[in-house]
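1. below are the sequence and a predicted model for it; my questions follow.
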Amino acid sequence: MINSKVFLKGLKSLQGSKSPAIPLAACFVALGALLKDAGFNLKQSAASSLFTYALPGQLVMAESLLVGASIVNIFIAVWLVNFRLYPMTVSLFPLLEHKTQPKWKYYLSCHFLAVTSWLIAKDGYKKIDKKHRIDFWIGIGIGTWSTAILMTALGYLSADYLNKDMLIGLAIVNPVYFFCMMIGAMKNLSISIAVVVGTILGPLIYLVSTEWALLFAGLIGGTIAFLFGEKNDK
Amino acid sequence: MTSSQIIVLAIIATSLATFISRFMGALTSEKVSVKSKIFHWFNCVAYSTLAALLGRMIIFPAGVLAESYLFIRIAVLVTCIIIFIVTKKNLVVPTIVSAILLSILNSI
């Protein structure tokens, strides 16, 4: 059903010099501590990472709860910040598609889609035989997802031992890791333009609209990059 | 409603709001061919959205990171990117350095 060799290859992406284990640990430990602060118990904190597994959305949830926002408002705010997962899925899953693979694998494993797993899959899919790429993805997904859940619990339990400077230190690890991974991914003109324009537009549009900044910055930056790529390919 | 019930509802709402985008993505993917222009466009939009999120996380961070100075965050980021390039794309070293460096610089 699942090619165990390829699955293990995906799982092993947690090891080595490109390992996401440290950034994942840093940000989910910090999240666990924050959730404790927001009044969650241990089970609820772990459940949040188990069922959501998308850090920016979980941060929005915790902060909305702290200021007493309604459930409907939380839903909309999270949907907006996590909508990036839609273009991310569409730019990854066609690469993993194979007609011999059952559909349920795709529908279930889309839950593993987060920035970390996406960047690892985008970096490594070419080395895997097309037929088994989805199993490689499931390996990456199970590895990063279970790390996130365990680290959330660990962060909850160690919250009392973490001081503010340590938490601030942990909070920078994730953006640093993502930036490095993206710079590593800038192998052609259109992706490079997409990254540079997105980085500039994201904070700029945020000044005008906090909720819609990501969507608009992504659409505008992505479309500019796409048009440039089209022009230069011809 | 007790606060515990609100937390459970918030977890459900957050998870649903997140899964919708992933699942819609999986459905759309079935109709998108790797060689099509639309796939290329989605790829550019995905990278750009991600970059926008990261730019925002550094310039206008949420949570505890907001309590550090902007120029310190940018200095840490640039230092770590240089380490990443110098170490031939090692990701473990720059990520560890980033946490230590920011903790130290922020407590001075």
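-> Structure received. Numbers count the residues shown, from 1 in each chain, chains lettered A, B, ... in the order given.
2. for the top helix by length along chain A, name the packing helices and strands.
-> Longest helix of chain A, by residue count under DSSP state H: helix A:133-157. Helix A:133-157 sits against helix A:4-11, helix A:21-37, helix A:42-51, helix A:93-96, helix A:103-109, helix A:115-124, with contacts defined as 3 or more Cβ pairs under 8 Å, 6 or more residues apart in numbering or on different chains; DSSP states H and E. To be clear about C-beta, it is placed using only N, CA and C from the backbone, and glycine gets the same treatment.
3. would TSV of those helices with mean neighbour count, distance to chain B and mean pLDDT be doable?
-> Converted to TSV, these look like this (neighbours: other Cβ atoms under 10 Å in any protein chain shown; distance: least, Cβ to the nearest Cβ, whole Å; pLDDT from 0 to 100):
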stretch	mean neighbour count	distance to chain B	mean pLDDT
helix A:4-11	18	17	93
helix A:21-37	24	5	91
helix A:42-51	20	4	97
helix A:93-96	22	4	97
helix A:103-109	15	5	96
helix A:115-124	22	6	93
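4. and of those, who's closest to residue A:132?
-> Closest to residue A:132 of the helices and strands packed on helix A:133-157, according to Cβ to Cβ: helix A:4-11, at 4.1 Å.
5. now the angle from that closest one to helix A:133-157?
-> 40 degrees (axes from the mean of the first three to the mean of the last three Cα atoms, to 10 degrees).
6. now for the nearest residue to residue B:20 once chain neighbours are set aside: which residues touch it?
-> Using Cβ to Cβ, 6 or more residues apart in numbering or on different chains and skipping residues adjacent in sequence, the residue nearest residue B:20 is residue A:79, 6.8 Å away. By Cβ atoms under 8 Å, 6 or more residues apart in numbering or on different chains, the contact list for residue A:79 reads B:17-18, B:20-21.
7. so of these, which ones are in helices?
-> Filtering the contacts of residue A:79 for helices - DSSP H - leaves B:17-18, B:20-21.
8. among these, which one lies nearest to residue A:171?
-> If you rank these by distance to residue A:171 using Cβ to Cβ, residue B:18 comes first, at 20.5 Å.
9. so what's the residue count around the closest one?
-> Counted by other Cβ atoms under 10 Å in any protein chain shown, the residues lying close to residue B:18 total 27.
10. circling back to that earlier point, turn the helices and strands packed on helix A:133-157 into TSV, including distance to residue A:199.
-> Converted to TSV, the helices and strands packed on helix A:133-157 look like this (distance: least, Cβ to Cβ, whole Å):
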stretch	distance to residue A:199
helix A:4-11	29
helix A:21-37	18
helix A:42-51	27
helix A:93-96	24
helix A:103-109	29
helix A:115-124	14
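11. how about the lowest-mean-pLDDT helix or strand in chain B against chain A, any contact?
-> None of the helices or strands of chain B scores lower by mean pLDDT, DSSP states H and E than helix B:92-107, at a mean of 92. Yes: Helix B:92-107 is in contact with chain A by Cβ under 8 Å from any Cβ of the partner chain, via B:92, B:94-96, B:98-103, B:106-107.
12. mind exporting the helix or strand hosting the residue nearest to residue B:20 as CSV, just the C-alpha atoms?
-> Per DSSP states H and E: residue A:79 is located in helix A:71-82. Presented in CSV, the C-alpha positions along helix A:71-82 are these (Å, rounded to 0.1, in the frame of the first residue of the first chain):
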residue,chain,number,x,y,z
ILE,A,71,-15.5,31.8,17.4
VAL,A,72,-16.7,33.2,14.1
ASN,A,73,-14.0,35.9,14.1
ILE,A,74,-11.4,33.3,14.9
PHE,A,75,-12.6,31.1,12.0
ILE,A,76,-12.3,34.0,9.5
ALA,A,77,-9.0,35.3,10.8
VAL,A,78,-7.5,31.8,10.7
TRP,A,79,-8.9,31.1,7.2
LEU,A,80,-7.3,34.3,5.9
VAL,A,81,-3.9,33.6,7.4
ASN,A,82,-3.9,30.0,6.4
